[in-house]
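Asks: return a 3D structure for these sequence lines:
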Amino acid sequence: MLPDQVYSPAEDSFLLLRAALAEVRPTDRVLEVGTGSGYVVAGLSGRAAAVVATDINPHAVACARARGVAAVRTDLFSGLCGPFDLILFNPPYLPTTPEERIDDWLEYALDGGPTGRVVIERFVADVGRVLSPFGRVLLLVSSLTDPGAVREAFARHGFVSFVVDEEALEDERLYVLRAMRDLCRMGA
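Replies: Presented below is the predicted three-dimensional model:
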């Protein structure tokens with residue numbers, strides 16, 4: 001049983017793992033940002049050359065380590081050098097007003113700010129620093145987060161992105177975006 005301060009695997013976790021299993025290569029160095037319980041990255045163990053995870057929540061890091069995952073407590077990928085060939089992220093994507101904040105560790109897994117994209121935009125702006133030249137990013141987003149705006153953010157930072165998997169839920173649709181450097185813009 002997970003502590004109540006750690007995000008429990010749910011439909012979004014299952015969708016991201018399914019997409020990651022279809023994407024991962026045996027030679028990949030994989031980073032999962034915001035690992036939560038470690039469910040997704042643990043599912044890739046033995047399928048990649050190396051897997052590591054981060055989370056800002058100390059309870060989540062402890063849970064991931066209990067699953068045998070090499071986990072580091074940090075904000076996104078601060079302090080990491082990379083390069084990583086495959087980076088996974090199930091970010092906090094729920095649009096949240098200040099009145100809705102719960103002010104505990106679980107909030108880091110849920111609170112996406114007013115647009116649902118506050119953490120996503122920070123991630124997209126800096127992911128290129130730790131991504132290998134031909135690396136790939138799998139990012140889970142919700143229809144509540146405006147996937148088109150997320151794809152535009154990727155484009156502004158020199159990435160191409162497209163939907164590789166999706167799933168309908170009761171009141172939203174989940175998407176996994178695959179992003180990689182736009183080699184045409186880089187002159188390759």
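Asks: tell me, how many residues neighbour R156?
Replies: By other Cβ atoms under 10 Å, the residues close to R156 number 11. C-beta here means a position set from N, CA and C on the backbone, and glycine is covered the same way.
Asks: what's the distance between it and D12?
Replies: Going from R156 to D12 by Cβ to Cβ, to the nearest Å gives 25 Å.
Asks: surely E121 meets F154?
Replies: No: look at E121 against F154 with Cβ atoms under 8 Å: they stay out of range, at 10.2 Å.
Asks: who has more neighbours out of these two?
Replies: When neighbours are counted by other Cβ under 10 Å, F154 comes out ahead of the other of E121 and F154, with 21 against 18.
Asks: state the helix or strand in which the more buried one lies.
Replies: According to DSSP states H and E, F154 maps onto helix 147-156.
Asks: what comes into contact with that helix?
Replies: Helix 147-156 is contacted by residues 115, 117, 120-121, 124-125, 139, 141, 160-163, 175, 177, 179, 182 when judged by Cβ atoms under 8 Å, 6 or more residues apart in numbering.
Asks: which single strand of this structure contains the most residues?
Replies: Using DSSP state E to define each element, the chain has its longest strand at strand 131-142.
Asks: any idea where the strands of this protein begin and end?
Replies: Counting by DSSP E, the chain has strands at residues 29-33, 50-55, 70-73, 84-89, 131-142, 159-168, 173-181.
Asks: among those, which is nearest A64?
Replies: For A64, the closest of these is strand 70-73, at 3.9 Å, according to Cβ to Cβ.
Asks: direction included, what does that closest one pair up with?
Replies: Applying DSSP bridges, strand 70-73 is found paired with strand 50-55 (parallel).
Asks: for stretch 168-179, how far is the first residue from the last?
Replies: From its first residue to its last, stretch 168-179 covers 21 Å (Cα to Cα, to the nearest Å).
Asks: show me the contact partners of that stretch.
Replies: Residues from elsewhere that reach stretch 168-179 (Cβ under 8 Å, 6+ apart): 11-12, 15-16, 19, 23, 124, 136-144, 147, 150-151, 154, 159-167.
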